[in-house]
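> the sequence isn't on hand, but the structure is:
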C-alpha cells in the first residue's frame, strides 16, 4: 500500500508555497499518495485570478528581491508548477476548504486553479491526517 | 479509547488562530481529545488583555480589511470562540507554556483567557506530541 | 531504541527559531534523537554571516522591542545556542537543504554555522519524517 502524506496549506505566501512545492516534489518522487488541504490564506493563493500575480512573502520581507532573483537564477519552478508536476508523477489530490474559499470570494471549483480537485469541509482533513504517514501543517 | 490531537500554537496572529480554531472545531466534532500547547507568540494572543483587541496577521497583510470583512460577512466565529465551543463539545485542554507567558508579562493563570487550564513546561508538550494521532505545529 | 524527532525548519525568523530551540531543548532533555532539516528561509538564518545579525520576526512585528527585551530580561538563550546545547546533550543532526542554501548564496557546508552537519536533498527529509515519532514543520 502506498505511503500517504497529508499537507495542510494555511499559507498564501510564495515563500512558504515554494517550500511546500519542494516537499511535495520530494514525496512524489518517493511515490507517496498526497492529499493537500488548502486552508485559510492558502485559498487566496489557489484562486485562478491570483496564482500568477501573487508575490506575498510570509518571512524576510526585506529580502524579497534577492529571494525572487535567486529563484529565477536557479531556475526553480514556480510553486504552482511543483504542484502540477507532482500531480503528473503520482496520486496528488488538492482539496480546497469551503470556508477558506468563500473568504476570498471563491464559491465554485472553477474559481480555483485547474489542478484543484474538489471543495471539502474541515472534517475530511481531520480524517485524512489521522491516516497519514507524514502530516504537515504549512 | 478516544483519538488524540496535539496542537502546538506558536502563532499570535488572528489569521492563523482562526485556522487553528477551524481545525479544532473539526477535531472536536470527531470526538478527539485535544491538548493545545500555547507557545511563544501564542501566549501574547491568549493573554486576557489582548484577546479582544488583537488584529495581527501572519500573512497577506495588505488583504487585512478584506479578510476581516469576509469573516464578518460569513459570520465566522472569532478564533477564541472556536476554542470555547470546542471545549464545550469535547475534552480540550489548553496549556500555556510558562516561558512564553513570562515573555508577555503573564506570570499566573489568571493573566490568560478563562479557558486556559494550566501553565506547563515544554517537556509536557513533547510527551503529549509523541502520543498524538494528529500532531500540528501552527 | 531512542525516540526520533524530525524538525523541518522553513523559518528564518528569530521568533520562530527561538520556539524551535525551546522545543529542541525539551526533546533533547527527553533523549530524543533529532534530525533538523533546514529549508527555504531557514537557510538564510543558518548562514554564518547572518546568525548574529538577524533580527527578523515572523509575527507581531510591532512587538519586536518588547519581545527582544523580554528574551534578555529572562536570560533566554539565543536561538542558535539552544541548538548548540541540544547537540551537546543528545544526538542532534542539522541538515541544510541544498537548494535552500543556494538561494541565499551558500554553496558549501562552511558557509553555514559550525553545528550544521551536511547539505542534503529533500528526499532525505521525506524518508526521515516517515520514521519520526514526532514530526514538526516550523
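Perfect, I can see it now. A quick note: this is a predicted structure, and the numbers were derived from the prediction, not measured.
> return the distance of residue A:72 relative to residue C:104.
Using Cβ to Cβ, to the nearest Å, residue A:72 is found at 14 Å from residue C:104. Bear in mind the C-beta positions are built from the backbone N, C-alpha and C, glycine included.
> neighbour count: these two, which is higher?
residue C:104 (24 against 9; other Cβ atoms under 10 Å in any protein chain shown).
> now do the same contact list for the closest residue to the more buried one other than its chain neighbours.
Nearest residue to residue C:104, sequence neighbours excluded (Cβ to Cβ, 6 or more residues apart in numbering or on different chains): residue C:44, at 4.7 Å. Residues counted as contacts of residue C:44 (Cβ atoms under 8 Å, 6 or more residues apart in numbering or on different chains) are A:60, A:63, C:12, C:50, C:54, C:104.
> list just the nearest of these to chain B.
Proximity of the contacts of residue C:44 to chain B was ranked by Cβ to the nearest Cβ; the top entry is residue A:60 with 13.4 Å.
> quick one: name the residues of chain A near chain C.
Contact residues, chain A versus chain C (Cβ under 8 Å from any Cβ of the partner chain): A:3, A:15-16, A:18-19, A:22-23, A:25-27, A:29-30, A:32, A:58-60, A:62-63, A:66-67, A:70-71, A:74, A:76, A:133-138.
> inside strands: which ones of those residues?
A:134-137 (DSSP state E).
> how about those residues in CSV, adding neighbour count, distance to residue C:116 and pLDDT?
Listed next are those as CSV, based on neighbours: other Cβ atoms under 10 Å in any protein chain shown; distance: Cβ to Cβ, whole Å; pLDDT from 0 to 100:
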residue, neighbour count, distance to residue C:116, pLDDT
A:134, 24, 23, 98
A:135, 24, 27, 98
A:136, 23, 22, 98
A:137, 26, 25, 98
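> one step back: check the contacts of residue C:44 and tell me the two furthest apart.
Maximum pairwise distance in the contacts of residue C:44, criterion Cβ to Cβ, is 11.3 Å, between C:54 and C:104.
> coming back round to it: so which of the residues of chain A next to chain C reach chain B?
A:58, A:135, A:137.
> who's the last one bridged to?
Residues in a beta bridge with residue A:137, per DSSP bridges, are residue A:8.
> in stretch A:124-138, what counts as buried?
Using 16 or more other Cβ atoms under 10 Å in any protein chain shown as the test for burial, stretch A:124-138 gives A:125-126, A:128-130, A:132-138.
> what's the helix or strand containing residue A:100 packed up against?
Assigned by DSSP states H and E, residue A:100 belongs to helix A:98-103. Applying 3 or more Cβ pairs under 8 Å, 6 or more residues apart in numbering or on different chains; DSSP states H and E, one finds that helix A:98-103 contacts helix A:40-45, strand A:118-120, helix B:64-73.
> list the contacts of it.
Contact partners of helix A:98-103, identified using Cβ under 8 Å, 6+ apart, comprise A:38-43, A:107, A:111-112, A:119-122, B:22, B:67, B:70-71, B:74, B:76.
> in PyMOL, how would I select just the buried ones from those residues?
Those of the contacts of helix A:98-103 that count as buried under 16+ other Cβ under 10 Å are selected in PyMOL with:
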select buried, (chain A and resi 38+39+40+41+42+43+111+112+119+120+122) or (chain B and resi 22+67+70+71+76)
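> residue A:97: which of the ones next to chain B among the residues of chain A next to chain C is nearest?
When these are ranked by distance to residue A:97 (Cβ to Cβ), residue A:137 comes first, at 12.9 Å.
> tell me the contacts of that closest one?
So residue A:137 contacts A:8, A:10, B:136-138, C:137 (Cβ under 8 Å, 6+ apart).
> what about chain A, any weak spots by pLDDT?
Applying pLDDT under 70 to chain A flags no residue at all.
> longest helix of it, counting residues only.
The longest helix of chain A (DSSP state H) is helix A:14-29.
> what helices or strands is that one leaning on?
Helix A:14-29 packs on strand A:4-9, strand A:33-38, helix A:40-45, helix A:79-89, helix C:40-45, helix C:122-131, going by 3+ Cβ pairs under 8 Å, 6+ apart.
> list the buried residues in that helix.
A:14-28.
> looking at those, spot the one nearest chain B.
Nearest to chain B among the buried residues of helix A:14-29, with distances taken as Cβ to the nearest Cβ, is residue A:16, at 8.3 Å.
> the closest one reaches residue A:58, doesn't it?
Yes: assessed by Cβ atoms under 8 Å, residue A:16 is found in contact with residue A:58 at 4.9 Å.
> name all residues that make contact with the residue nearest to residue A:82 when sequence neighbours are not counted.
Closest residue in space to residue A:82, ignoring its immediate chain neighbours: residue A:21 at 2.7 Å, by Cβ to Cβ, 6+ apart. Going by Cβ under 8 Å, 6+ apart, residue A:21 touches A:77, A:79-83, A:86.
> related to what we said a few turns ago, name the nearest of the buried residues of stretch A:124-138 relative to residue B:95.
residue A:137 (18.5 Å).
> mind putting the helices and strands packed on helix A:98-103 into TSV with distance to residue C:93?
Listed next are those as TSV, based on distance: least, Cβ to Cβ, whole Å:
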stretch	distance to residue C:93
helix A:40-45	31
strand A:118-120	37
helix B:64-73	39
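> which one of the ones you listed lies nearest to residue B:97?
Of the helices and strands packed on helix A:98-103, nearest to residue B:97 by Cβ to Cβ is helix A:40-45, at 23.8 Å.
> re earlier: farthest-apart pair in the buried residues of stretch A:124-138, please.
Spatially, the most separated pair among those is A:130 and A:138, at 18.1 Å (Cβ to Cβ).
> for residue A:116, which non-adjacent residue is spatially closest?
Using Cβ to Cβ, 6+ apart, the nearest residue to residue A:116 is residue A:94, at 4.9 Å.
> my bad, residue A:133
Per Cβ to Cβ, 6+ apart, closest to residue A:133 is residue A:3, 4.6 Å.
> run a quick neighbour tally on that neighbour.
15.
> ditto for residue A:2
Neighbour tally, residue A:2, other Cβ under 10 Å: 12.
> so it sits against residue A:92, correct?
No: taking Cβ under 8 Å as the definition, residue A:2 is not a contact partner of residue A:92, at 11.6 Å.
> and for these two, which residues touch both?
Common neighbours of residue A:2 and residue A:92 (Cβ under 8 Å, 6+ apart) are residue A:33.
> tell me who's in contact with the residue of chain A found nearest chain B.
Nearest to chain B, among the residues of chain A, is residue A:122, at 3.6 Å (Cβ to the nearest Cβ). With contact set as Cβ under 8 Å, 6+ apart, residue A:122 has these partners: A:97, A:99, B:22-23, B:25-26.
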